[in-house]
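Asker: everything below, folded, please.
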Amino acid sequence: MKRYIAAIMYTAIALGATPSFADTSAAAALRTGDMKKLVFHTTPEATSSVAFILPNGGGEKTLRDYSGKYVLVNFWATWCAPCRKEMPMLSELQAEFGGDDFEVVTIATGRNTPAGISKFFADSNIENLPRYQDPKQSLASQMGVFGLPITVIMDPSGKEIARLRGDANWSSESAKAVIAELMKSE
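Answerer: The predicted structure is shown next:
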């Protein structure tokens, strides 16, 4: 039986079968400035199924709940100055591209009080981003998030296709061009 399965796999490889995932090379070519820190993976990577907390006792959610669309997941904290700097830009990105095919998801990881998150969002006039929390850093840990901010881009199948360590200008033409190209490739 093992030989039979192996023969089928080798035949498929010999015939040029390739995994089906979006070609991100066109999007990668559009990176300039801060976006050059956005690293596209050669093969999509699995994401975690660990739950994060919704605001106001609203329960839990996982990244799998976002399958079917491109998702930009930003891990941040209220005490992180670079995180606070890029949050209004992420809000702008959500305003321009958010919908059935794309969404910005913000997850405060570690010690961030709901009141502190709400105050920061109110002071920054951010009304279109979620106030999700990962207080025990369970999701962040499983996603290899060490240091903040970290931004992960997931494809519609829920796989990680790119990662950016540190902050970036998400309202730049390059960032918008990358997102637009990804959405076009689906």
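Asker: can we go C-alpha only for contacts and neighbour counts from here?
Answerer: Will do.
Asker: contacts for stretch 62-77?
Answerer: Stretch 62-77 is contacted by residues 47-52, 83-84, 100-112, 140, 145, 148-158, 182-183 when judged by Cα atoms under 8 Å, 6 or more residues apart in numbering.
Asker: which neighbouring elements make contact with the top helix by length along the chain?
Answerer: The longest helix of the chain (DSSP state H) is helix 81-97. Applying 3 or more Cα pairs under 8 Å, 6 or more residues apart in numbering; DSSP states H and E, we find helix 81-97 packed against strand 102-109.
Asker: I'd like the next helix or strand past the strand it packs on.
Answerer: As assigned by DSSP states H and E, the chain's next helix or strand after strand 102-109 is helix 114-123.
Asker: for that next one, buried residues please.
Answerer: Neighbour counts over helix 114-123 (16 or more other Cα atoms under 10 Å) mark 117-118, 121 as buried.
Asker: ok, stretch 92-112 next?
Answerer: Buried residues in stretch 92-112, counting neighbours by 16+ other Cα under 10 Å, are found at 92-94, 97-98, 101-110, 112.
Asker: stretch 141-150 now?
Answerer: Taking 16+ other Cα under 10 Å as the neighbour-count basis, stretch 141-150 is seen to contain the buried residues 143, 145, 148-150.
Asker: show me where the protein has strands.
Answerer: With DSSP state E as the criterion, the chain has strands at 38-45, 52-53, 60-61, 70-76, 102-109, 132-134, 150-154, 160-165.
Asker: those: which one's closest to Thr32?
Answerer: Among the strands of the chain, the nearest to Thr32 by Cα to Cα is strand 38-45 (9.6 Å).
Asker: quick revisit: make CSV out of the strands of the chain and add mean pLDDT and distance to Asp23.
Answerer: Formatted as CSV, these follow (pLDDT from 0 to 100; distance: least, Cα to Cα, whole Å):
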stretch, mean pLDDT, distance to Asp23
strand 38-45, 97, 9
strand 52-53, 98, 30
strand 60-61, 97, 28
strand 70-76, 98, 14
strand 102-109, 98, 17
strand 132-134, 98, 30
strand 150-154, 98, 13
strand 160-165, 98, 10
